[in-house]
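A.B. asks: Take this sequence and fold it.
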Amino acid sequence: MIVGLLKESGNEQRIAFLPEIAARLVQQKVRVFVEKDAGLTAFQSNQLYEEAGAEIVSREEVLTKSDLLVQIGEPSPELVEQLGSDKIWLSQYNPLWNKNLVTQFLQKGITSFSMDSIPRTSRAQAMDVLSSMATVSGYKAVLEGASQLPNFFPMFMTAAGTIRPATVLVLGAGVAGLQAIAIARKLGAQVQAFDVRSAVKEEVMSLGARFVEVEGAKEDAAAGGYAVEQTEEFKQKQQQAINDHAAKADVVICTAQIPGRKAPVLLPKEAVERMKPGSVIVDLAASSGGNCELTQDNETVVHHGVKIIGQSNYPSLMPVDASKMYGKNVFNFLELLIADDGSLNLNFEDDIVAGTCITHQGEVLNSRVKSLFGELIDI
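C.D. replies: The predicted model follows:
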């Protein structure tokens, strides 16, 4: 089997795997084609890939000769049109949002896997790119907030008097939120965290943060650890609690998302207007609408003296370690597809393979994608 590593498009600086992963694939008797200069944005030269046993080739050669194509971002419609039905595509393309791309894969008969659809099971943890990248995002979000805040994070006792510590409010205590809590605490801030899932209270408190609890939240064990849609009554109580805590916060880190849906608005315009001038909101849910009503994706907005940073792709700004983590996740998944002789083995009896596969032979295999789109996908 030939695995082809493609250069990312747009502003993406990561690469789907580093030379160290290319070397491990070669050890598995797999040929690795790398598009020329694919790794430069992540500071990985062509020579490093060649030393790992990969072959540096043109983009056209990667596309035509590879059996399995690997990238981080979603492919453009033009790129998909160049692929034959015998190709296998692997990236993180958010199929719950990208109906047009799913439809195009179906029309072309392409087998596609999306790394953000890895089942959230114990066995699949080593392949969970969402958790890996959320770790990077939570870390970078706090550093961004600290750098933009016109105050210190830690408490200082000086001859000029005592400087009180900054107050950080984290909305959502998933992987990104917990990492944000940990980093904010290490920087000396006082931290509060909100999440509709009461099960995360102990984790939040173990990191030294105060848990903002609102009674009456609806939880669903079948949601795979994600938050679920709440009742209107709970939303009203939740909103009041968040508004009150945000008004006292110096930095708010927004991380709350619901797969396949627009991000819940937790900070409406009036809540922002109650916040102190100079305070900062870092919204990691910007690409799906944002937790703040005023968030603009990939932009910084200032409203009533409050700086609102919409950034959903912090991992791209930390390309070396983010690529290292992503690549290890990819390799652990690819091991399920590689036979002992290095050939391709599509074993759909494996729950991880089946759960991550979105399209195959003109059909939608992933149950969540199928239930969400249903007959909306017309081929």
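
A.B. asks: now Lys235, what's its secondary structure?
C.D. replies: Assigned with DSSP: H, G, I helix; E, B strand; the rest coil, Lys235 falls in the helix class.

A.B. asks: quick one: it and Ile308, what's the gap?
C.D. replies: Distance of Lys235 to Ile308, computed by C-beta to C-beta, to the nearest Å: 21 Å. From N, CA and C alone the C-beta is placed, and that goes for glycine too.

A.B. asks: who's more crowded, the two?
C.D. replies: Ranked by neighbour count (other C-beta atoms under 10 Å), Lys235 and Ile308 place Ile308 first, with 26 against 17.

A.B. asks: what bridges to the more buried one?
C.D. replies: Ile308 has the following beta-bridge partners by DSSP bridges: Ile281, Val301.

A.B. asks: just checking, it touches Ser279?
C.D. replies: No - with contact defined as C-beta atoms under 8 Å, Ile308 does not count as touching Ser279 (9.8 Å).

A.B. asks: and stretch 309-329, how far apart are its ends?
C.D. replies: 29 Å (C-alpha to C-alpha, to the nearest Å).

A.B. asks: switch to numbering from 33
C.D. replies: Noted, 33 is the first residue going forward, which turns the last one into stretch 341-361.

A.B. asks: List the buried residues in it.
C.D. replies: Neighbour-count burial for stretch 341-361 flags 341-348, 350-351, 353-361 (criterion: 16 or more other C-beta atoms under 10 Å).

A.B. asks: swap in stretch 265-274?
C.D. replies: Buried, per 16+ other C-beta under 10 Å, within stretch 265-274: 267, 270-271, 274.

A.B. asks: Determine how far it lies from the middle of the whole chain.
C.D. replies: 27 Å (C-alpha atoms, centre = their mean, to the nearest Å).

A.B. asks: Same check on stretch 288-308?
C.D. replies: 18 Å.

A.B. asks: Other residues contacting that stretch?
C.D. replies: 128-129, 203-204, 209, 226-227, 258-261, 270-271, 274-275, 278-279, 281-282, 284, 286, 313, 317, 320-326, 335-338, 340, 400, 404 (C-beta atoms under 8 Å, 6 or more residues apart in numbering).

A.B. asks: got the residue ranges for the strands in the stretch 133-282 of the chain?
C.D. replies: 143-146, 188-190, 193-195, 199-203, 222-226, 242-244 (DSSP state E, counting those that start in this stretch).

A.B. asks: Can you give the domain ranges for this protein?
C.D. replies: For the chain, automatic domain parsing gives the domain ranges 34-141+351-408, 163-349.

A.B. asks: any chance of those domains in JSON lines, with mean pLDDT too?
C.D. replies: Below are these laid out as JSON lines (pLDDT from 0 to 100):
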{"stretch": "domain 34-141+351-408", "mean pLDDT": "95"}
{"stretch": "domain 163-349", "mean pLDDT": "91"}
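
A.B. asks: coming back round to it: looking at the strands of the stretch 133-282 of the chain, which is closest to Glu381?
C.D. replies: strand 143-146 (15.8 Å; C-beta to C-beta).

A.B. asks: Direction included, what does the closest one pair up with?
C.D. replies: By DSSP bridges, strand 143-146 pairs with strand 120-123 (parallel), strand 389-392 (antiparallel).

A.B. asks: out of those strands, deepest packed?
C.D. replies: strand 389-392 (a mean of 24; mean count of other C-beta atoms under 10 Å).

A.B. asks: send the alpha carbons of that strand over as PDB?
C.D. replies: What follows is strand 389-392, C-alpha atoms only, in PDB (Å, rounded to 0.1, in the frame of the first residue of the first chain):
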ATOM      1  CA  CYS A 389     -15.600   5.600   8.000                       C
ATOM      2  CA  ILE A 390     -18.100   8.100   6.600                       C
ATOM      3  CA  THR A 391     -18.500   6.900   3.000                       C
ATOM      4  CA  HIS A 392     -17.800   3.600   1.300                       C
END
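
A.B. asks: after it, next one along is what?
C.D. replies: strand 395-396 (DSSP states H and E).

A.B. asks: Check which helices and strands that next one sits against.
C.D. replies: helix 131-140 (3 or more C-beta pairs under 8 Å, 6 or more residues apart in numbering; DSSP states H and E).

A.B. asks: What helices and strands are in contact with the helix it packs on?
C.D. replies: Packing partners of helix 131-140 (3+ C-beta pairs under 8 Å, 6+ apart): helix 109-113, strand 389-392, strand 395-396, helix 399-405.

A.B. asks: Same question for it: list its buried residues.
C.D. replies: 133-140.

A.B. asks: could you dump the residues you listed to CSV with distance to Ala166?
C.D. replies: As requested, those are arranged in CSV below (distance: C-beta to C-beta, whole Å):
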residue, distance to Ala166
Leu133, 23
Val134, 24
Thr135, 28
Gln136, 28
Phe137, 26
Leu138, 29
Gln139, 33
Lys140, 31
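
A.B. asks: Can you show me the helices along the stretch 133-282 of the chain?
C.D. replies: Using DSSP state H, counting those that start in this stretch, the helices of the stretch 133-282 of the chain run over 161-180, 207-218, 233-238, 264-280.

A.B. asks: could I get the strands of the stretch 133-282 of the chain as JSON lines with distance to Ile104?
C.D. replies: Converted to JSON lines, the strands of the stretch 133-282 of the chain look like this (distance: least, C-beta to C-beta, whole Å):
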{"stretch": "strand 143-146", "distance to Ile104": "11"}
{"stretch": "strand 188-190", "distance to Ile104": "41"}
{"stretch": "strand 193-195", "distance to Ile104": "41"}
{"stretch": "strand 199-203", "distance to Ile104": "26"}
{"stretch": "strand 222-226", "distance to Ile104": "29"}
{"stretch": "strand 242-244", "distance to Ile104": "34"}
